[in-house]
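Participant: What follows is a predicted protein model with its sequence.
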Amino acid sequence: MLEPVRESFKTGKSLVWNRVNDLPDFVYFNHSIHINKGVGCNTCHGPVDRMPLMYNYASLQMEWCLDCHRAPEKNLRPREQVFNMRYEQPTAERPVEFEGQKYLDQISLGTALKDKYHLRTTQDITSCSTCHR
């Protein structure tokens, strides 16, 4: 399974990647806006650090994306935690501290982050033109 990696290392030739998540050409998607707004990698891609082989964790179909756009506070985390594959949403037993305040549940944290990161309105981010340009 690792032979292509070894061969790439020996020869200096880049690996050939097989795309796992492929959106249709008529869909506009930008990773950076999601990262800047506090959406963690594993929200969409799953626990890639534990996948022996990559697989589609989420459908990434329109309804799946719209569910998040309708209620982004369910998935937001502090920006410094976006790449943390072991990040856990806050609970009473494991609160998350953000800017000196402890949050005991995801909705209260997500709502605070939504304001802090200046997310556009639900109407704006569920508008067809947000993803279809």
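Facilitator: Arrived safely, thanks for sending.
Participant: who touches Gln89 in this structure?
Facilitator: Taking C-beta atoms under 8 Å, 6 or more residues apart in numbering as the contact definition, Gln89 lies against 77, 96, 106, 109. No exception for glycine: its C-beta is placed from N, CA and C like everyone else's.
Participant: what sits up against the helix or strand hosting Glu63?
Facilitator: Here Glu63, judged by DSSP states H and E, is contained in helix 62-70. Under the contact criterion C-beta under 8 Å, 6+ apart, helix 62-70 has outside partners 39, 43, 58, 74-75, 122, 125-126, 130-131.
Participant: ok so, going back, ranking by neighbours, what's the top pick from the contacts of Gln89?
Facilitator: Leu109 (24 neighbours; other C-beta atoms under 10 Å).
Participant: what about it, distance to Lys10?
Facilitator: With distances taken as C-beta to C-beta, to the nearest Å, Leu109 is found 47 Å from Lys10.
Participant: thinking again about what came up before, may I see the buried residues of the helix holding Glu63?
Facilitator: By neighbour count on 16 or more other C-beta atoms under 10 Å, the buried set for helix 62-70 is 65, 68-69.
Participant: which one of those is nearest Ile33?
Facilitator: Nearest to Ile33 among the buried residues of helix 62-70: His69, at 11.7 Å, using C-beta to C-beta.
Participant: Do you know the pLDDT at that closest one?
Facilitator: What the model reports as pLDDT for His69 is 98.
Participant: residues contacting Tyr55?
Facilitator: Neighbouring residues of Tyr55 by C-beta under 8 Å, 6+ apart: 20, 46.
Participant: name the element it belongs to?
Facilitator: Short version, using DSSP H and E: Tyr55 is in no helix or strand.
Participant: Please tell me how far it sits from Thr111.
Facilitator: For Tyr55, the distance to Thr111 - C-beta to C-beta - is 32 Å.
Participant: Got phi/psi on Glu97?
Facilitator: When read as degrees, to the nearest 10, the backbone of Glu97 gives phi -100, psi 130.
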